[in-house]
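*Asks:* Here's a sequence, model it:
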Amino acid sequence: MRILPQEVFHQKLFITINCYYYFSYILGEDVGSITLGPGSALEDMLAEKLERHRDREEQNKLSAKVLVMQPILRFLQLLCENHNRNLQTLLRNQNNKTNYNLVSETLMFLDCICGSTTGGLGLLGLYINENNVALINQTLETLTEYCQGPCHDNQNCIATHESNGLDIITALILNDINPLGKTRMDLVLELKNNASKLLLAIMESRGDSENAERILYNMNPKPLVDVACRAFHQETMDDEDDGEDTSTEGDDGVSPKESSEKVAAYLLDKEGDRENKERSQGQPALFWVSSHMSLWSNILFNCAVLINLIVAFFYPFLDSVPNNDSGRVTVSGEVRERACDSLVMCIVTTLNQGLRNGGGIGDILRAPSSNESLYVARVVYDLLFFFIVIIIVLNLIFGVIIDTFADLRSEKQQKELTLKDNCFICGKLIVCLNRSAFDNKTVSFEEHVKCEHNMWHYLYFIVLVKVKDPTEFTGPESYVYAMVKDRNLDWFPRLRAMSLSAEEGEGEQIEYRTLQTQLEKTQELVSDLVKQLTELRDQANDRAAETEAANWFAQLNFCFAQLNISLPSQLDHLVPSIYWLHRT
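*Replies:* Have a look, this model is predicted:
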């Protein structure tokens, strides 16, 4: 991080004076007797630089009338803390005959102090300096507190103000603020951070996109990304610029701060060594001991070697080794150790030897003779131990272990299947948005779990609201903080997803259009069927008329036949006409 011009001046002065005292000390001269004359060139140069520096500070210094605004703005900010909606509204409208819109006045004050009233938003660096940047930050923080909660009326007041407040805030974010950025980039980044928070507060928790569209109209996304990238890599850029900075007089490419620190450290080390020597010379015994440190190191090393030789020489003798043969007995020429002298040893031996042998404890005990009186009892004991301990108990233990591991494996597989097919955030235990709910959708289930409802993002957000200062909360953060504090999970989107909601609306419109198309096709089909039915009815009527005429002509022929009168054949084609005339 770069340093202030006045810091550069003081550091150079510090280096000059330290070098003066150091070389005086090396030459063995009395420092107190060597002074800089009133007419020396060094003193004149330092006085001239100091005078010029004071003149620049006086020119950039704010007047008392402007400085008093900082505590006033801080007071207005504190009035609106914790998203006090009543006071936020009161600062904008007092419901009196004469109202004072302090929100607009604060925005106009920001407009004036940033110099945008002169018509040059690109020249912010000429109006923003180290003396007024704190006041500008306080103004931005106060405006942010006006809007957070959210207070939609105050948001609209700032976004639609005639002074084009969005242009000022956008310019603070996108434009380079030089020369302040060359010396105090930390202040510039803080200023841009507060301006970004103000833009977010203006768009906070709105049901419409009006303010967001205004901001996008004034802000091009590409320069915003470039500014964010430069701020992120600012530390590397500062390190590169520090080696090339030649703006100050007499600077040869070495950082003044680094040089002063090295000179100061070197002088302090020399001074400390000199003081230690003086103190040790005042105590002869301590001085003699400290001057023979190599001798004491050799003596300690030789003592350590001697101790190890003594231990290695006396340890191998067996006089102090205890005799453990007292617990051994000889059976059939074979030496065996007595393993059942006490109840504890009997239990340990039975468990150790009985469980590790396939036939039980009988494999380790002496084989009994059939002539012994307890032969049957011994056989029963061996069989009971084999069946109860070896077969039943061990199988029960192994079965329980295997079943337990099988249950754990099944439970793990079920959990993995649940995490794979169900959304952890918007799902429930019984009814959930599983993988099938995202079939034939523009957003897949993997994208939904990774981007929309990433459970780690929710965890990070919970940690954020727990560690963040409550006075810096936005409206949604305050709501979530209260829910987390009460252990209430209603803020999780149960059975809801933005992608599914948007697609449901679009799906309803598509379904409506599909139904309308199908209805039109059905109407056309019904019209065709009506026409066909009409034609069929007409054809049926014609056929019925012809049939009736034929019957009538047959009856007429029958009548004439009864009368022995024959009709001429020329009248056959006139019969239908005669019939229709008869009908008419």
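*Asks:* What's the local residue count around Ser104?
*Replies:* By the criterion of other Cβ atoms under 10 Å, Ser104 has 17 neighbours. (C-beta placed from N, C-alpha, C; glycine too.)
*Asks:* What helix or strand is it located in?
*Replies:* helix 102-113 (DSSP states H and E).
*Asks:* tell me which residues in that helix are buried?
*Replies:* Under the neighbour-count criterion of 16 or more other Cβ atoms under 10 Å, helix 102-113 has Leu102, Val103, Ser104, Thr106, Leu107, Met108, Phe109, Leu110, Asp111, Ile113 buried.
*Asks:* what residues are up against the fifth one?
*Replies:* With Cβ atoms under 8 Å, 6 or more residues apart in numbering as the criterion, the residues that contact Leu107 are Leu143, Ile158, His161, Ser163, Gly165.
*Asks:* ok, now how distant is Trp552 from Phe558?
*Replies:* Distance check for Trp552 against Phe558: by Cβ to Cβ, to the nearest Å, it reads 11 Å.
*Asks:* Compare those two and say which one has the larger neighbour count.
*Replies:* Neighbour totals were compared for Trp552 and Phe558, and Trp552 leads with 16 against 10 (other Cβ under 10 Å).
*Asks:* pLDDT wise, what is the more buried one at?
*Replies:* The score at Trp552 is 71. That number is its pLDDT.
*Asks:* re the thing from before, just the closest of the buried residues of helix 102-113 to Thr514, please.
*Replies:* Relative to Thr514, the closest of those is Val103; by Cβ to Cβ it sits at 49.9 Å.
*Asks:* if I read this right, the closest one contacts Leu91, doesn't it?
*Replies:* Yes: under the contact definition of Cβ atoms under 8 Å, Val103 touches Leu91, with a separation of 6.0 Å.
*Asks:* Please enumerate the shared neighbours of those two.
*Replies:* With Cβ under 8 Å, 6+ apart, Val103 and Leu91 have common neighbours Tyr146, Asn154.
*Asks:* Can you give me the neighbour number for Leu383?
*Replies:* 12.
*Asks:* Just the element for it, please.
*Replies:* Using DSSP H and E, Leu383 falls within helix 375-384.
*Asks:* Now that helix: buried residues?
*Replies:* The neighbour-count check on helix 375-384 (16+ other Cβ under 10 Å) flags Arg378, Tyr381, Asp382 as buried.
*Asks:* ditto for stretch 388-405
*Replies:* Neighbour counts over stretch 388-405 (16+ other Cβ under 10 Å) mark Val389, Ile390 as buried.
*Asks:* Show me the contact partners of that stretch.
*Replies:* Contacts of stretch 388-405 (Cβ under 8 Å, 6+ apart): Gly354, Leu355, Gly358, Gly359, Gly360.
*Asks:* With stretch 197-215 instead?
*Replies:* Stretch 197-215 is contacted by residues 140-141, 143-144, 146-150, 152, 155-156, 158-159, 166, 169-170, 173, 474-476 when judged by Cβ under 8 Å, 6+ apart.
*Asks:* how long is it from one end to the other?
*Replies:* End-to-end distance for stretch 197-215: 13 Å, by Cα to Cα, to the nearest Å.
*Asks:* For the remainder of this discussion, apply numbering that starts at 48.
*Replies:* Okay, using 48 as the starting number, the last item reads as stretch 244-262.
*Asks:* Return the mean pLDDT over that stretch, rounded to an integer.
*Replies:* pLDDT averaged over stretch 244-262 gives 87.
*Asks:* Please identify the buried residues of stretch 464-475?
*Replies:* Asn469, Cys470, Ile472, Cys473, Gly474.
*Asks:* so which of those residues comes closest to Lys497?
*Replies:* Ranked by distance to Lys497 (Cβ to Cβ), the buried residues of stretch 464-475 are led by Cys470 at 10.9 Å.
*Asks:* Distance check, that closest one against Lys462.
*Replies:* Cys470 is 14 Å from Lys462, by Cβ to Cβ.
*Asks:* isn't Ile509 right up against Val531?
*Replies:* Yes: in this structure Ile509 lies within contact range of Val531 using Cβ under 8 Å: 5.8 Å.
*Asks:* Show me how this protein divides into domains.
*Replies:* For the chain, automatic domain parsing gives the domain ranges 52-104, 109-294, 385-464, 545-630.
*Asks:* Name the stretch among the ones you listed that sits most buried.
*Replies:* Ranked by mean neighbour count, those are led by domain 109-294 with a mean of 17 (mean count of other Cβ atoms under 10 Å).
*Asks:* if we can go back for a sec, pLDDT-wise, what's the bottom of the contacts of Leu154?
*Replies:* Minimum pLDDT across the contacts of Leu154 is recorded for Ser210, with 76.
*Asks:* For that one, give its distance to Ala218.
*Replies:* Taken as Cβ to Cβ, the span from Ser210 to Ala218 is 13 Å.
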